[in-house]
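Just the structure for this:
(2 chains)
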Amino acid sequence: MTSWRRLLIAAPVVVFAATWPLIDGPGFRTDALAFITDAVTGWILVAAGLVTWSRRPDSRTGVWLVAAGYLWYVGDLYFVLPSVSIVPLLSFGLRGAYDVLLAAALLTFPGSRFSRRPARLAVLGVAATWGARAVTFLITARPGFGYPDNGTPNPFLLFDDGALAHNLDLDLTMARGVAILIVGLMAAVRLTRVSPATRRVLMPVTIGGVIWATTTFLVDLGALVDANVRGQLLPWAHAAWWPVPEYLVRGSAAPVGFLVGALMLRTARSAVVDLVTGFEGRPLRARLEPSLRSAIGDPGLRVLYPDGDTSWSDGTGRTAGAPTASPGIAATPIISHGQTRAVLLHDAALLEDPGLVGAVTATVRLAIDNEQLTEDLEAQLEETRASRRRIVDAADAERQRIERDLHDGAQQRLVSLAISLRMLGDSLGDEASSEVRDELSAAGTELREAIEELRELAHGLDPAILRESGLGPAVRSLAERCPTPTRVRIEFDGRLARPIEATAYFVVAEALTNVTKHASATAVAVSLRLDGGHLLVEVEDDGLGGASAASGSGLRGLADRVAAAGGRFDLGSVAGRGTRVAAVLPIGQ
Amino acid sequence: MTAPGPARPLRVVVADDSLLLREGIVRILERAGLDVVGVAADGDELLAVVDATNPDVAIVDIRMPPTHTDEGLVAVRRVRASRGTSIGLLVLSQHLEPAFAQELVTDIGPASGYLLKERVADAGVFADAVRRVATGQVVIDPDIVKRLLRPSPRDELADLTERERDVIALLAEGRTNQAIGDRLDVATKTVETHVNAIFSKLGLEPAEDDNRRVLAVLAYLRARTTT
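Prediction:
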């Protein structure tokens, strides 16, 4: 609340506290309850106006209510300043001005537009009857007749006829009472025509307004007919147990109703907060409609999405008709990047609060944009994952091809060459010199080493044991090859999908290679186990530690390869505490 | 099983899809004094040749057409199923995988062997392996045995003496006590003492049958990496 709004709401309280000792109007000092009720009534109107103003900044209703609150005190000026100049005359003559603003507020709250022309006329009727009565009073009232005499003559007095003045005042007051009764009836009718969301906040306002209108009418009618009738018209207001004067009943009912209604108004901000909270979770389309309905209190709200150029669907994907505005239903498009992303079909009454509609559409646009971006991003990610898988698969296929070529080509030829060399040596027999024999023997050794190297190369490319016997035997074979004593623990049988076996195998192979090269470990433990649709691979050594994916392309490549298989890779390596390489791979592929 | 007499050389068939290699193997075998009675380029041919020639030993490449994976193994199983242990089956492989060797000897039983392919160039070792398989022994390539004789996290092999280590290596290759004795130049009785000591230190059941001894030792060695 801004400071001037604080001032507005504090002013009546301060003024009344300050003037309390000065008040010497007849009867007032002796009836504290009436005095307080009177003071509070005006204050409630100011408060209701300020609340409405802050929740519906675009609406004039709030201003009207604040003004009505201050005009309420016009009738009290006499009690505060009874001996000052023409104050008593103005106080009695102009009182009831707040009725005009109250009537206007009653038929427009919480917006500021009259929904129908008769409503505007009815309010004009109240204004006209109030104006006529005020002018008549000012030009006909004589001090001591109609208002207390403080020694100051009435400077506006034109017709000094006490009886005429009295009768005219009663008649015009009655006319105003009728005009107010019409406003009350229109308010009751209006309640039946607004949307459920508006009806909720309009209910207390209308109840207060109808009480105000009917009691005003009855009080005026009673004054016109005679005092006895008046007592029969509002018997409770004259009963011994009733604490406040009837003018306070008619005066305070509407303000209380407005305050309650204003407090029930949802601010655009709180609607947006509700909305954003409701968007959590996905899919957004399914959540948008119910979130919007509860956030802005319009149970009939619909959200439709364009499907291509001509067709539409709702949040559940069902085909729907094209969204068009109809009487009482407004169509608000959500446009982003020049495209209509959705259309809200909602109670047209919401348009009375452009702030709310603007905030809600902006929020919905953000949410839709956000979901679109997320979808795009996920599609791209999936494409990236798929392409990474394809790269890995292609690389694996290529390794298999090279391994087969080596096995069926170079390896066979080298073995064949070894046989030829052997045959050559045998053929030469004892005839060969010892030098030739030594050369032959060296060549044979060289050849055997070449065959061994080639075999290790082929094995590294695409191990036959992995291909033919599966992950378990292949990992045991790795352990058998590892120079560091290696313990293997495998808690499953059978085969897994080839890409998973290959990935797991390369994790273990690379980890064991690192152990051999860098770890200076005395023991390694390899563990493979299945857990809830995942293969858990772990290689742990008791070596130096301090390994990092950044330090070697091997571990980095492993992480990439595991990610390509849709798994997670974890490297734990603290200097002096060994290294633990772990991968979790989904096996459901 | 036909006992080979000195008058009658062993009759063998060779199955390998590489013509070059097949011919080389045939020449090596013939030079070693064996009688090559047939050759085959794939599993089906091998079965036909074996049926036609009734050899003492079949030497089979593990990887043959059409899939180049384990056709040799499949063919060897079929031969074993149809002819029993009357034929020795020696598988040649380029894979230095103890698991493959163990699987083979477990599967095919006595009179079988697993040699690395380049072993064929070592005429003495190769011909010796063929002859041992023909007499019903189990033969495992020395390089495979060597791979298994590495230290393990809880190394019971550390309890073995230097000589016992030599003995267990030969034991795992499938040699008899007498052959081990010849190789190490000690009496067969001494070998028996070593073997019993090894079995007791490793907690293995003593076994009479040579093949069961080999399997026990292999299984033990391989199991050391697994808990």
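
For the residue nearest the centre of chain A, which residues are in contact?
The centroid of chain A falls nearest to A:Val276 when counting by Cα atoms, centre = their mean (0.6 Å). The contact partners of A:Val276, taken as Cβ atoms under 8 Å, 6 or more residues apart in numbering or on different chains, are A:Thr363, A:Ala367. Where C-beta positions appear, they are placed from N, C-alpha and C, glycine not excepted.

can I get the CA coordinates of stretch A:58-71 in PDB?
In PDB, the C-alpha atoms belonging to stretch A:58-71 read as follows (Å, rounded to 0.1, in the frame of the first residue of the first chain):
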ATOM      1  CA  ASP A  58      -8.200  -0.300 -13.800                       C
ATOM      2  CA  SER A  59     -11.600   0.100 -12.100                       C
ATOM      3  CA  ARG A  60     -13.000   3.400 -10.800                       C
ATOM      4  CA  THR A  61     -15.200   1.600  -8.300                       C
ATOM      5  CA  GLY A  62     -12.400   1.800  -5.700                       C
ATOM      6  CA  VAL A  63     -12.200   5.500  -6.000                       C
ATOM      7  CA  TRP A  64     -15.900   5.900  -5.800                       C
ATOM      8  CA  LEU A  65     -16.000   3.900  -2.600                       C
ATOM      9  CA  VAL A  66     -13.200   6.000  -1.000                       C
ATOM     10  CA  ALA A  67     -15.100   9.200  -2.000                       C
ATOM     11  CA  ALA A  68     -18.300   7.700  -0.600                       C
ATOM     12  CA  GLY A  69     -16.500   7.000   2.700                       C
ATOM     13  CA  TYR A  70     -15.500  10.600   3.000                       C
ATOM     14  CA  LEU A  71     -18.900  11.900   1.900                       C
END
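
How about that stretch, which residues are buried there?
The neighbour-count check on stretch A:58-71 (16 or more other Cβ atoms under 10 Å in any protein chain shown) flags A:59-71 as buried.

Save these as CSV, and put in secondary structure too.
Listed next are these as CSV, based on DSSP: H, G, I helix; E, B strand; the rest coil:
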residue, secondary structure
A:Ser59, coil
A:Arg60, coil
A:Thr61, helix
A:Gly62, helix
A:Val63, helix
A:Trp64, helix
A:Leu65, helix
A:Val66, helix
A:Ala67, helix
A:Ala68, helix
A:Gly69, helix
A:Tyr70, helix
A:Leu71, helix
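
quick check, nearest of those residues to B:Leu89?
A:Ser59 (99.3 Å; Cβ to Cβ).

Where does the prediction get shaky in chain B?
For chain B, the stretches with pLDDT under 70 are B:1-7, B:151-156, B:224-227.

which bits of it sit near chain A?
B:18, B:20-21, B:24-25, B:27-28, B:31, B:63, B:68-70, B:94-100, B:103, B:117-118, B:120-123, B:147-148, B:150-153, B:155, B:222, B:225-227 (Cβ under 8 Å from any Cβ of the partner chain).

among the residues you listed, which are in helices?
B:20-21, B:24-25, B:27-28, B:31, B:98-100, B:103, B:123, B:147-148, B:222 (DSSP state H).

I'd like the distance from the residue lying closest to B:Leu148 once chain neighbours are set aside to A:Gly472, if you could.
In space, and not counting its chain neighbours, B:Leu148 is closest to B:Leu221: 3.8 Å by Cβ to Cβ, 6 or more residues apart in numbering or on different chains. Look at B:Leu221 and A:Gly472: by Cβ to Cβ, to the nearest Å, they are 17 Å apart.

Can you show me the helices along the stretch 101-250 of chain A?
A:117-140, A:162-193, A:196-225, A:227-233, A:235-238, A:246-264 (DSSP state H, counting those that start in this stretch).

Quick one, which of these gets closest to chain B.
helix A:196-225 (70.3 Å; Cβ to the nearest Cβ).

So which elements touch the closest one?
helix A:97-108, helix A:162-193, helix A:227-233, helix A:246-264 (3 or more Cβ pairs under 8 Å, 6 or more residues apart in numbering or on different chains; DSSP states H and E).

about what we covered before: would you mind checking the ones in helices among the residues of chain B next to chain A for buried ones?
B:21, B:24-25, B:27-28, B:98-100, B:103, B:123, B:147-148, B:222.

list the buried ones in stretch A:579-589?
Those would be A:Thr579, A:Arg580, A:Val581, A:Ala582, A:Ala583, A:Val584, A:Leu585, A:Ile587, for stretch A:579-589 by 16+ other Cβ under 10 Å.

Leaving out chain neighbours, which residue sits closest to A:Ser85?
A:Thr152 (5.4 Å).

actually A:Arg561, not the one I typed
A:Thr503 (5.7 Å).

Could I get the contacting residues of A:Ala504?
Taking Cβ under 8 Å, 6+ apart, one finds A:Leu471, A:Val475, A:Leu496, A:Leu528, A:Leu535, A:Val537, A:Ala583, A:Leu585 in contact with A:Ala504.

how about it, secondary structure?
helix.

Need the residues that contact the helix or strand containing B:Val91.
Using DSSP states H and E, B:Val91 sits within strand B:88-93. If you take Cβ under 8 Å, 6+ apart as the criterion, strand B:88-93 is touched by B:16, B:56-63, B:72-73, B:76, B:79-80, B:100, B:104, B:108, B:111-117, B:119-120, B:129-130, B:133-136, B:139.

From those residues, which land in strands?
B:Val57, B:Ala58, B:Ile59, B:Val60, B:Asp61, B:Ser112, B:Gly113, B:Tyr114, B:Leu115, B:Leu116, B:Val139 (DSSP state E).

how much space between the last one and B:Val133?
When Cβ to Cβ is the yardstick, B:Val139 and B:Val133 sit 6 Å from each other.

overlap in contacts of these two?
Counting by Cβ under 8 Å, 6+ apart, the contacts common to B:Val139 and B:Val133 are B:Leu90, B:Ser112, B:Gly113.

Among these, name the buried ones.
With neighbours counted using 16+ other Cβ under 10 Å, these contain these buried positions: B:Leu90, B:Ser112, B:Gly113.

Out of these, flag the one nearest to chain A.
Distances from chain A to these, taken by Cβ to the nearest Cβ, are shortest for B:Leu90, at 15.2 Å.

Give me the spatial nearest neighbour of the closest one, chain neighbours excluded.
Spatially, and ignoring its direct neighbours in sequence, B:Leu90 is nearest to B:Gly113 (4.4 Å; Cβ to Cβ, 6+ apart).

Please list all residues in contact with the one you found.
B:88-91, B:105, B:129, B:132-133, B:137-140, B:174.

now with 6 Å?
B:Leu90, B:Ala129, B:Val133, B:Val139 (Cβ atoms under 6 Å, 6 or more residues apart in numbering or on different chains).
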